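>>> Quick one, fold the following:
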Amino acid sequence: MVFAQCEDQAVALLVERNTPGLTIRPISGLLGFRGSLLAELSFEDCRVPIDNLVGNVGFGVSLVANHGLTHGRYSTAWGAVGLAQACLNASLDYVMERKQFDHYLKEHQLIQQMIADMVTNSIAARHLCFRAGQLWDNNDVTATFATSLAKYFSSVHAFKSAKDAVQIHGANGCSNKYPVRKIYARCQDYGGCRREHSDSTGLNCAG
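Residues are numbered from 1 along each chain as shown. Prediction:
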């Protein structure tokens, strides 16, 4: 789906990847999700049939894009929950097998506090996501705000969990032999989520 201008108004178009005049150049080497399949699109004398128009002229952003973004936020929130859970699982495995000065890491108070925060916030993030899903099922008017709230909290929690997981692993947290390094890199993708939804959430709460 491509968003463009038609008669100074936004439109949404379905453009097949084999359409003449469309060139796709994959973008690689970025920090974050490699599965996002980012690419640079170039259009040169690219003609798109009128039947490929999604919605009416002028509703490309206000209706089509916003509708897609709203549902995308829900899946992104759950993605952050999954990353946070991966941090927790990796950290639990590590602290139960790693020893320092003849004591397992799990016996240190600071480690216990980090693990407790991960568990508590993971449960809270899940409940926010479940609540948003229930509101969508019930066609509740507050579902959009609940989704933004869930995405904001989940992304903040995922990023903090990744930082704590790397700290728990110490120098091993920077090694590719342990999963937390890759998880931390993936959590960078949620930086925009945190800023975007902290602003929108605060604005909604302020009325």
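
>>> For the most centrally placed residue in the chain, which non-adjacent residue is closest in space?
In the chain, the centroid-proximal residue (Cα atoms, centre = their mean) is Thr76; its distance is 3.9 Å. Closest residue to Thr76 apart from its sequence neighbours, by Cβ to Cβ, 6 or more residues apart in numbering: Lys151 at 5.7 Å. C-beta here means a position set from N, CA and C on the backbone, and glycine is covered the same way.

>>> for the record, mean pLDDT for the helix or strand that contains that neighbour?
Secondary structure assigned from DSSP states H and E places Lys151 in helix 143-169. The average pLDDT within helix 143-169 is 93.

>>> Packing partners of the helix or strand following that helix?
Following helix 143-169 in sequence order, the next helix or strand is helix 180-187 (DSSP H and E). Other helices and strands packing on helix 180-187, by 3 or more Cβ pairs under 8 Å, 6 or more residues apart in numbering; DSSP states H and E, are helix 66-97, helix 143-169.

>>> Show me where this protein dips below the pLDDT cut-off.
Applying pLDDT under 70 to the chain flags residues 30-36, 60, 62-63, 190-207.

>>> end-to-end on stretch 101-114?
20 Å (Cα to Cα, to the nearest Å).

>>> which residues make contact with that stretch from outside it?
Residues outside stretch 101-114 that contact it (Cβ atoms under 8 Å, 6 or more residues apart in numbering): 91, 94-100, 115, 164, 167-168.

>>> Check which helix or strand Thr120 maps to.
Using DSSP H and E, Thr120 sits in helix 109-137.

>>> Tell me the buried residues in that helix?
Across helix 109-137, burial judged by 16 or more other Cβ atoms under 10 Å covers 111, 114-115, 118, 121-122, 125-126, 128-129, 131-133, 135-136.
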